[in-house]
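Q: Give the three-dimensional model of this entry:
(one chain, ligands or ions: 2)
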Amino acid sequence: MKITGAKVIVTCPGRNFVTLKIETDQGLYGIGDATLNGRELSVASYLTDHVIPVLIGRDASRIEDIWQYLYRGAYWRRGPVTMSAIAAVDTALWDIKGKAAGMPVYQLLGGASRDGVLVYGHANGNDIEHTVDEVGRYIELGYKAIRAQSGIPGVKGAYGVAKGTMYYEPADSALPSETVWNTSSYLNFAPKLFDKLREVHGYDVELLHDVHHRLTPIEAGRLGRDLEPYRLFWMEDCTPAENQEAFRLVRQHTTTPLAVGEIFNSIHDCRTLIQEQLIDYIRTTVVHAGGITHLKQIAALAALYQVRTGSHGATDLSPACMGAALNFDLWVPNFGIQEYMRHTEETDAVFPHAYTFDDGYLHPGNEPGIGVDIDEALAAKYPYDPKQLPVARLTDGAMWNW
Ligand code: GCO
Ligand code: MG
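A: Ligands and ions are numbered 1, 2, ... in the order given. Here you go, the predicted structure:
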């Protein structure tokens with residue numbers, strides 16, 4: 001089965017998405033997500049200018065060989081742009097293979113290991129009371145696991161607090177908006193938030209929290225310890241992980257489970273974290289970590305150390321990524337949880353999909369391939385709208401990690 005054509009579709013049904021569509025001489029096509037929030041056109045160019053020309057004429061069934069060809073062949077290995085581009089090709093080829101076999105991708109991977117994919121939703125509010133109400137609303141919607149983020153008194157633009165309550169999108173302006181971060185206010189506040197959440201909602205619901213790279217390792221250790229009574233499912237990205245060894249210090253101080261990896265793009269980014277059992281959940285995802293082919297390797301390494309998966313699933317990852325992720329999640333033996341932020345109705349209309357939510361679980365459906373399509377005519381009605389992620393500064397004006 002030969003690849004006869006490929007194109008990149010950039011569309012903005014509420015937010016920007018980059019999608020690769022690969023066509024074959026047998027009339028089958030596949031799609032893959034290539035969205036890198038705030039840097040979308042870099043991946044679009046990488047695909048159009050450098051990858052598509054070398055795909056034409058190749059055998060679409062040789063997924064592994066094409067992955068190796070693009071990874072080794074670039075010479076310049078790794079990095080979010082390269083790995084998102086490779087992921088898009090990889091996902092589209094798994095989609096094609098599934099369609100050729102008449103099976104959903106999870107069947108090709110080895111079949112379902114579970115009946116459904118446990119997901120967590122995002123509840124956020126302007127203050128503790130509001131966040132407590134929002135968590136209650138998610139419980140009513142059927143969620144078994146909920147991430148809670150709250151505005152912090154005196155902190156302008158705390159991470160994770162949406163303007164609306166259902167659809168959160170941090171990339172909100174053409175030039176990065178500026179937020180201010182205050183570590184001591186946050187460290188004093190966060191335990192109070194979870195104390196109230198447990199008092200009102202009890203311990204049956206799983207609660208998660210994202211620190212979004214804001215703390216130093218010793219501060220992260222202290223927060224983890226202070227949150228221990230509230231039994232978090234995980235504390236996410238508590239400190240930047242470029243230096244993986246930094247997590248030794250965090251780990252020495254807390255038994256709160258740790259999750260890291262949404263900005264990783266390679267197994268090498270998480271090798272030390274996994275092999276030294278410095279984390280409990282690895283958050284690499286299909287689109288930013290080289291596709292299903294590479295995610296399989298990361299998950300297999302993680303399984304040796306009882307580290308489970310917890311893939312990133314924010315709204316900047318398109319439904320095409322979600323469809324692929326859910327097929328992966330239904331199969332992967334060491335699955336932990338899947339993040340699920342709902343897309344807007346406009347986005348869902350551009351990407352018709354087979355996956356469904358029921359009582360806290362998603363299922364990828366049984367359509368052949370990844371179970372997600374793109375309506376190109378509709379996509380064309382939503383032109384690219386440049387948007388960037390915010391930046392964060394400390395109260396003295398110095399740059400910090402957003
Ligand atoms: C998460 C993430 C996101 C990111 C976003 C950046 O845990 O869902 O931290 O909200 O900030 O994906 O584009
Ligand atoms: Mg996160």
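Q: Show me what the residue of the stretch 101-250 of the chain found nearest ligand 1 is bridged to.
A: Proximity to ligand 1, evaluated over the stretch 101-250 of the chain using CB to the nearest ligand atom, is greatest for residue 210 at 4.8 Å. Any C-beta I mention is one placed from the backbone N, CA and C, and that applies to glycine too. Counting by DSSP bridges, residue 210 forms beta bridges with residue 236.
Q: show me what contacts it?
A: 147, 149, 159-160, 236-237 (CB atoms under 8 Å, 6 or more residues apart in numbering).
Q: Quick check: it vs residue 238, distance?
A: Note on residue 210: its distance to residue 238, by CB to CB, to the nearest Å, is 9 Å.
Q: what is in contact with the two at once?
A: When contacts are counted by CB under 8 Å, 6+ apart, residue 210 and residue 238 have no shared neighbour.
Q: what about the residue in the stretch 201-350 of the chain that ligand 1 sits nearest to, how many neighbours?
A: Nearest residue of the stretch 201-350 of the chain to ligand 1: residue 314, at 3.4 Å (CB to the nearest ligand atom). A count of nearby residues for residue 314, using other CB atoms under 10 Å, gives 17.
Q: Reduced to three states, what does the nearest residue to residue 230 once chain neighbours are set aside come out as?
A: Nearest residue to residue 230 in three dimensions, chain neighbours excluded: residue 194, at 3.9 Å (CB to CB, 6 or more residues apart in numbering). Look at residue 194: counting by DSSP: H, G, I helix; E, B strand; the rest coil, its state is helix.
Q: just the one 5 residues further on next, same as before
A: In the three-state summary, residue 199 is assigned as helix, counting by three-state DSSP.
Q: How much space separates it from ligand 2?
A: Distance from residue 199 to ligand 2, counting by CB to the ion, to the nearest Å: 26 Å.
Q: Could you do residue 188 as well?
A: Using CB to the ion, residue 188 is found at 22 Å from ligand 2.
Q: Doesn't that residue lie inside a helix?
A: Yes. With three-state DSSP as the criterion, residue 188 is part of a helix.
Q: which secondary structure elements does the lowest-mean-pLDDT helix or strand in the chain contact?
A: Lowest mean confidence among the helices and strands of the chain (mean pLDDT, DSSP states H and E): strand 178-181, at a mean of 94. The criterion is 3 or more CB pairs under 8 Å, 6 or more residues apart in numbering; DSSP states H and E, and the helices and strands that strand 178-181 contacts are strand 391-394.
Q: Okay, now the sheet partners of the strand it packs on, with direction.
A: Taking DSSP bridges as the criterion, strand 391-394 sits next to strand 178-181 (parallel), strand 399-400 (antiparallel) in its sheet.
Q: Give me the buried positions along it.
A: By neighbour count, and taking 16 or more other CB atoms under 10 Å as the criterion, the buried residues in strand 391-394 are residue 392.
Q: any idea of the mean pLDDT in it?
A: The pLDDT scores in strand 391-394 average 96.
Q: Other residues contacting it?
A: 157, 159, 176-183, 214, 399-402.
Q: about what we covered before: from residue 288, how far out is the residue of the stretch 201-350 of the chain closest to ligand 1?
A: Applying CB to CB to residue 314 and residue 288 gives a distance of 11 Å.
Q: Need the residues touching each of these two.
A: residue 262.
Q: list the contacts for the closest residue to residue 257 other than its chain neighbours?
A: Among residues not flanking residue 257 along the chain, residue 280 sits closest, at 4.0 Å (CB to CB, 6+ apart). With contact set as CB under 8 Å, 6+ apart, residue 280 has these partners: 234, 257-259, 307-308, 336.
Q: If I look at residue 280, what pLDDT would I see?
A: Value listed for residue 280 in the pLDDT field: 99.
Q: distance of it from residue 337?
A: Residue 280 is 11 Å from residue 337, by CB to CB.
Q: Now do the strands in the stretch 101-250 of the chain.
A: For the stretch 101-250 of the chain, the strands identified by DSSP state E, counting those that start in this stretch occupy 117-125, 145-150, 178-181, 206-210, 234-236, in order along the chain.
Q: separation between the residue of the stretch 101-250 of the chain found nearest ligand 2 and residue 262?
A: Going by CB to the ion, ligand 2 is nearest to residue 210 of the stretch 101-250 of the chain, at 4.3 Å. In this view, residue 210 and residue 262 are 9 Å apart by CB to CB.
Q: so what's in contact with these two at the same time?
A: A shared contact of residue 210 and residue 262, defined by CB under 8 Å, 6+ apart, is any residue touching both; here these are 236-237.
Q: Hmm, residue 378 is touching residue 349, no?
A: Yes. Taking CB atoms under 8 Å as the contact criterion, residue 378 and residue 349 are neighbours in contact, 6.1 Å apart.
Q: still on that earlier bit, least confident of the strands of the stretch 101-250 of the chain, on average?
A: Per-segment mean pLDDT for the strands of the stretch 101-250 of the chain reaches its minimum on strand 178-181, at a mean of 94.
Q: Could you confirm whether that one reaches ligand 1?
A: No. Taking CB under 6 Å from any ligand atom as the criterion, strand 178-181 and ligand 1 are apart, separated by no less than 12.1 Å.
Q: Please list the outside residues in contact with that strand.
A: Counting by CB under 8 Å, 6+ apart, the neighbours of strand 178-181 from elsewhere in the structure are 155-159, 214, 390-395, 400, 402.
Q: Please look at the residue of the stretch 201-350 of the chain closest to ligand 1 and residue 339 and confirm they touch.
A: Yes. Counting by CB under 8 Å, residue 314 touches residue 339, with 6.6 Å between them.
Q: residue contacts, the one residue sitting closest to the centre of the chain?
A: With distances taken as CA atoms, centre = their mean, the residue of the chain nearest its centroid is residue 312 (2.1 Å). Contacts for residue 312 were tallied using CB under 8 Å, 6+ apart; they are 261-262, 283-285, 288, 339.
Q: what does residue 128 give?
A: Shown in contact with residue 128 (CB under 8 Å, 6+ apart): 150, 192-193, 196.
Q: ok, it to residue 63 distance?
A: Relative to residue 63, residue 128 is positioned 48 Å away (criterion: CB to CB).
Q: And residue 224, by the same measure?
A: In this structure, residue 224 and residue 63 are separated by 39 Å, where distance is defined by CB to CB.
Q: Could you do residue 222 as well?
A: 45 Å.
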